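> Here's a sequence, model it:
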Amino acid sequence: MFTWNSTTVDEFILVGLTGRQDMQILLFIVFLTCYLVTLIGNVLIIWLSNVNPRLHTPMYFFLKNLSFLDICYTSCVVPNMLINFLLVKKTISSNACFTQMSVHMSLGVTECFLLLSMAYDRYVAICSPLHYTKIMHPMLCISMAGACWVGGFIVSLINTVYTLQLPFCGPNIVNHFFCEEPTLLELACADTSLNKTVLFFCAIIVALAPFFIIFFTYANIISSIMKIRTTGGQRKAFSTCASHVLVVTLFYGTIFVIYLRPGTVHVANQDKMATLFYSVITPMLNPLIYTLRNKDVKLALRETTRKKVISYLLS
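Below is the predicted model of the structure:
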């Protein structure tokens, strides 16, 4: 938990997705379903990656990290949002609000870095296949994943410290469904230009730069794939990258809407939809994208399920 001296507001009121009371129960059911699908899908990938030897590779090590991250990411937002659907007055304490902001940013930055690490893994696998096991050894994979988590914590800490220096003396109505920094900055009783500048440059480092690195990485990957002589080989290579490209496009595309724009531009409904997409929808879609498009995952699921059924019948 964070403490600060300049904040005089004890709690914030969250407007939520909509002010229409007749929509609250429907939205509760919809997002509860999304949350359950997210948990089941990502837990399934983590379980399969642990129990099936076919998935004991660097690619699935990073995918397992992504699934765990998505569980944490969506759990930072959705449970509180579900509770607020059932309440008339949607309040959150100042401590809880700033903690949610910090954790959400830390996890979001970690995912940006993790998607970059996954792109590097695909680059080595396709452009240097003979040296893949030598380059992507377990210690390197662990170090890369650890660096992603540490990087997320550092970037979040920097922005949180700057935000906590601001006085929040009212109003306390947050036009959002959770505490996100750009929206909270609108409520500060002081000049926030420095905060917005820091946030913008952090976004360039953790989102825009990795996105362009991934873009050029896949340009090299495509160039290498086109040199493969067999159509089947090309198709298999494209298949291993397609899921990651789709996830990168969905995640980074909505991140740019919130964090990479002029500081004075603020459209509440647009912000909510973009944040909803990368905080709730994308974590739900990730396991579906990787399982529906990935033959290894589907085969591993069939094998593991078959073994569990046979073991149960023989016991």
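
> can you list the weak-confidence ranges in the protein?
Applying pLDDT under 70 to the chain flags the ranges 1-7, 233, 261-268, 292-293, 309, 311-315.

> Show me where it has its helices.
Secondary structure of the chain by DSSP state H: the helices cover 24-51, 58-75, 78-85, 94-127, 132-135, 138-164, 181-185, 193-203, 209-226, 231-259, 268-276, 282-292, 295-314.

> buried residues in the fifth one?
Think helix 132-135. residue 132 (16 or more other CB atoms under 10 Å). C-beta: built from backbone N, CA, C; applies to glycine.

> Packing partners of that helix?
Using 3 or more CB pairs under 8 Å, 6 or more residues apart in numbering; DSSP states H and E, the elements in contact with helix 132-135 are helix 94-127.

> returning to that earlier point: out of the helices of the chain, which gets nearest to residue 172?
Shortest distance between residue 172 and the helices of the chain, using CB to CB, is found for helix 94-127: 8.7 Å.

> I figured residue 225 was touching residue 236, is that so?
No: shown here, residue 225 and residue 236 do not form a contact pair, counting by CB atoms under 8 Å, at 9.5 Å.

> the more surrounded of the two?
Shown here are residue 225 and residue 236; by other CB atoms under 10 Å, residue 225 has more neighbours (19 against 14).

> which one is the more buried one nearest to, not counting chain neighbours?
If you skip the residues right next to it in sequence, residue 225 has residue 237 as its closest partner in space, 4.6 Å away by CB to CB, 6 or more residues apart in numbering.

> rewinding a little: reformat the helices of the chain into a markdown table and put distance to residue 170 next to each item.
As requested, these are arranged in a markdown table below (distance: least, CB to CB, whole Å):
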| stretch | distance to residue 170 |
| --- | --- |
| helix 24-51 | 26 |
| helix 58-75 | 30 |
| helix 78-85 | 21 |
| helix 94-127 | 12 |
| helix 132-135 | 55 |
| helix 138-164 | 16 |
| helix 181-185 | 13 |
| helix 193-203 | 18 |
| helix 209-226 | 37 |
| helix 231-259 | 24 |
| helix 268-276 | 19 |
| helix 282-292 | 34 |
| helix 295-314 | 51 |
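
> Next up, the contacts around residue 108.
73, 152, 255, 278, 279 (CB atoms under 8 Å, 6 or more residues apart in numbering).

> Distance check, the closest residue to the second one other than its chain neighbours against residue 72.
Counting by CB to CB, 6+ apart, the nearest residue to residue 152 once its immediate chain neighbours are dropped is residue 110, at 3.2 Å. In this view, residue 110 and residue 72 are 9 Å apart by CB to CB, to the nearest Å.

> So the two - more neighbours on which side?
Applying other CB under 10 Å to residue 110 and residue 72 shows that residue 110 carries more neighbours, namely 26 against 16.

> quick one: residue 221 from residue 227, how far?
Residue 221 sits 11 Å away from residue 227, going by CB to CB.

> swap that for residue 219, sorry
14 Å.

> Also residue 21?
Taking CB to CB, one finds residue 21 at 60 Å from residue 227.

> And residue 110, by the same measure?
Residue 110 is 34 Å from residue 227, where distance means CB to CB.

> repeat for residue 50
In this view, residue 50 and residue 227 are 35 Å apart by CB to CB.

> can you check residue 294 too?
Taking CB to CB as the criterion, residue 294 is separated from residue 227 by 24 Å.

> With residue 43 instead?
For residue 43 relative to residue 227 (CB to CB), the value is 39 Å.

> between the two, which one's more packed in?
Comparing residue 43 with residue 227 by other CB under 10 Å, the one with more neighbours is residue 43, at 14 against 9.
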